[in-house]
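[1] I need the structure of the sequence given here:
(2 chains)
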Amino acid sequence: AQSVAQPEDQVNVAEGNPLTVKCTYSVSGNPYLFWYVQYPNRGLQFLLKYITGDNLVKGSYGFEAEFNKSQTSFHLKKPSALVSDSALYFCAVRDRGNTPLVFGKGTRLSVIA
Amino acid sequence: ETGVTQTPRHLVMGMTNKKSLKCEQHLGHNAMYWYKQSAKKPLELMFVYSLEERVENNSVPSRFSPECPNSSHLFLHLHTLQPEDSALYLCASSPGTAKGETQYFGPGTRLLVL
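    Down below sits the predicted model:
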């Protein structure tokens, strides 16, 4: 069965510093990986996804993520954090076959001015 | 705006009430989804519709009844809910149900069951 783990409930970072939000996954085949962001009182917004090809994926708002097959990870990164990046971030994975998209529990990012 | 709208945004209902949540997508997508988001739990997929046919039902209690009259609209009919059903209900749509398709979410309906 497929699963995804976000090991940190909360990440705090100072504005202007690089940020990383961690995600690891478990699938039986090749994964399809997604990152979403949720701002207060809003739905989830798509940031980026990895399907195939280049391991470094660039997405919206300056975010990027690197697919690492050997470590089964798909960490979200940004070189310079903004206060407006403060939100709840979700990693999601989908296996091959007729399986649903499985979400992690989410990581709350706080960027402090 | 993601092109997916949900109404109402907030709903308070008693356990004996009947209410409906509405979702509309303006993206020309063929698949629509209902998710439940509870505090400190992963998103739970409830129902999936593809081309107006239900293709997934994740053991959801019968007090939740979905309806998809066309590919742009999705409803979730609620009756005799329990307090533990209080949550944020999110609707999403995608072009199809293929594995790499991106799902686009609405803002959600915050439901409180008293």
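[2] show me the shaky parts of the chain.
    Here I'm looking at chain A. For chain A, the stretches with pLDDT under 70 are A:97-98.
[3] wait, chain B was what I had in mind.
    Within chain B, the stretches with pLDDT under 70 are B:1.
[4] nearest to chain A within it, name that residue for me.
    Nearest residue of chain B to chain A: B:Phe105, at 3.7 Å (C-beta to the nearest C-beta). C-beta here means a position set from N, CA and C on the backbone, and glycine is covered the same way.
[5] that residue is in contact with B:Val4, isn't it?
    Yes. Between B:Phe105 and B:Val4 a contact is recorded at 6.2 Å, counting by C-beta atoms under 8 Å.
[6] identify the contacts common to these two.
    Common contact partners of B:Phe105 and B:Val4 (C-beta atoms under 8 Å, 6 or more residues apart in numbering or on different chains): A:Gly43, B:Cys91, B:Ala92.
[7] want to throw those residues into JSON lines with secondary structure, neighbour count and distance to A:Leu101?
    Listed next are the shared contacts of B:Phe105 and B:Val4 as JSON lines, based on DSSP: H, G, I helix; E, B strand; the rest coil; neighbours: other C-beta atoms under 10 Å in any protein chain shown; distance: C-beta to C-beta, whole Å:
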{"residue": "A:Gly43", "secondary structure": "coil", "neighbour count": "21", "distance to A:Leu101": "15"}
{"residue": "B:Cys91", "secondary structure": "strand", "neighbour count": "27", "distance to A:Leu101": "14"}
{"residue": "B:Ala92", "secondary structure": "strand", "neighbour count": "27", "distance to A:Leu101": "9"}
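[8] A:Asn55: which of the residues you listed is nearest?
    The closest of these to A:Asn55 turns out to be B:Ala92 (C-beta to C-beta; 26.7 Å).
[9] what bridges to that closest one?
    Counting by DSSP bridges, B:Ala92 is bridged to B:Tyr33, B:Phe105.
[10] quick check: nearest residue in space to A:Gly62, chain neighbours excluded?
    Beyond its immediate neighbours in the sequence, the residue positioned closest to A:Gly62 (C-beta to C-beta, 6 or more residues apart in numbering or on different chains) is A:Lys78, lying 5.5 Å away.
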